[in-house]
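S.K.: The following comprises the amino acid sequence and a computationally predicted model.
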Amino acid sequence: ETGVTQTPRHLVMGMTNKKSLKCEQHLGHNAMYWYKQSAKKPLELMFVYSLEERVENNSVPSRFSPECPNSSHLFLHLHTLQPEDSALYLCASSRDRNPPDTQYFGPGTRLTVL
Amino acid sequence: DAKTTQPPSMDCAEGRAANLPCNHSTISGNEYVYWYRQIHSQGPQYIIHGLKNNETNEMASLIITEDRKSSTLILPHATLRDTAVYYCIVRPLNTGGFKTIFGAGTRLFVKA
């Protein structure tokens, strides 16, 4: 247990569906992150939030929409996804967003887009 | 950005020390070296980090060469549960999360 939880753990959705991934951290951290891990590819950082404000967006398509209502919760809203968006989506948090912070990862949501 | 080079895979006998190398020859003076590992289908787990000095914690030791161009992660007594992909990452100060670049890592197989 890292103190970062993600729901759901598995999600299957059609290309026309709208769904949301949820992440919650119980560590009192100020920064939260969304990563994408596709099969046989390195982790890709998607979004960074610091003190509930989005500070970086790594050229992610607009069909992925993050939301950070408070410092403990992070959402990733999904709509009109493509099959190539199937991947493991990981949430992480850290005390702040600069080194020597340590990122703590959740277990991930395995997403399959049909 | 500094990049890292790691061997794609390594084997280690259970109970022996696992020494995982990482090359970061373009590292800058303000960049930290981090190690994470990822067990199959789980999120990455932080192991250790360092700037210049060698570091040790309950999980591992990190040896950084004097010129900081390479480092070695040491798992002193590897167990079967240490089988995972190990990522070596360098990350500069004051640049936010986007400089955290995970490479392909080293897949460590610990064998009985």
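M.R.: Structure's in. What do you need? Worth saying up front: this structure is predicted, and the values here are computed from it rather than measured. Residues are numbered from 1 along each chain as shown, chains lettered A, B, ... in the order given.

S.K.: Show me what from chain A comes close to chain B.
M.R.: With C-beta under 8 Å from any C-beta of the partner chain as the criterion, chain A comes near chain B at residues A:2, A:4, A:31, A:33, A:42-43, A:45, A:48, A:50, A:55-56, A:58, A:88, A:90, A:92, A:97-100, A:102-108, A:110. For glycine as for every other residue, the C-beta is placed from the backbone atoms N, C-alpha and C.

S.K.: Is it possible to mark the buried ones in those residues?
M.R.: Buried members of the residues of chain A next to chain B, counted by 16 or more other C-beta atoms under 10 Å in any protein chain shown: A:2, A:4, A:31, A:33, A:43, A:45, A:48, A:50, A:56, A:88, A:90, A:92, A:97-99, A:102-108, A:110.

S.K.: Skipping adjacent residues, who's closest to the residue of chain A found nearest chain B in space?
M.R.: Nearest residue of chain A to chain B: residue A:105, at 3.2 Å (C-beta to the nearest C-beta). Take residue A:105 and drop its neighbours on the chain: the residue closest to it by C-beta to C-beta, 6 or more residues apart in numbering or on different chains is residue B:43, 3.2 Å away.

S.K.: Could you confirm the one you found falls within a strand?
M.R.: No: assignment of residue B:43 by DSSP: H, G, I helix; E, B strand; the rest coil gives coil, placing it outside any strand.

S.K.: Can you name the residues that contact it?
M.R.: By C-beta atoms under 8 Å, 6 or more residues apart in numbering or on different chains, residue B:43 lies in contact with A:2, A:4, A:90, A:92, A:105-108.

S.K.: Mind pulling up the pLDDT for residue B:99?
M.R.: For residue B:99, the pLDDT comes out at 60.

S.K.: Over to the one 3 residues further on?
M.R.: According to the model's per-residue confidence, residue B:102 sits at a pLDDT of 82.

S.K.: got any ranges where chain B has weak pLDDT?
M.R.: Across chain B, the ranges flagged by pLDDT under 70 are B:1-2, B:93-100.

S.K.: The worst-scoring helix or strand of chain A on mean pLDDT packs against which elements?
M.R.: Between all helices and strands in chain A, the lowest mean by mean pLDDT, DSSP states H and E belongs to strand A:53-57, at a mean of 76. Using 3 or more C-beta pairs under 8 Å, 6 or more residues apart in numbering or on different chains; DSSP states H and E, the elements in contact with strand A:53-57 are strand A:44-50, strand A:64-70.
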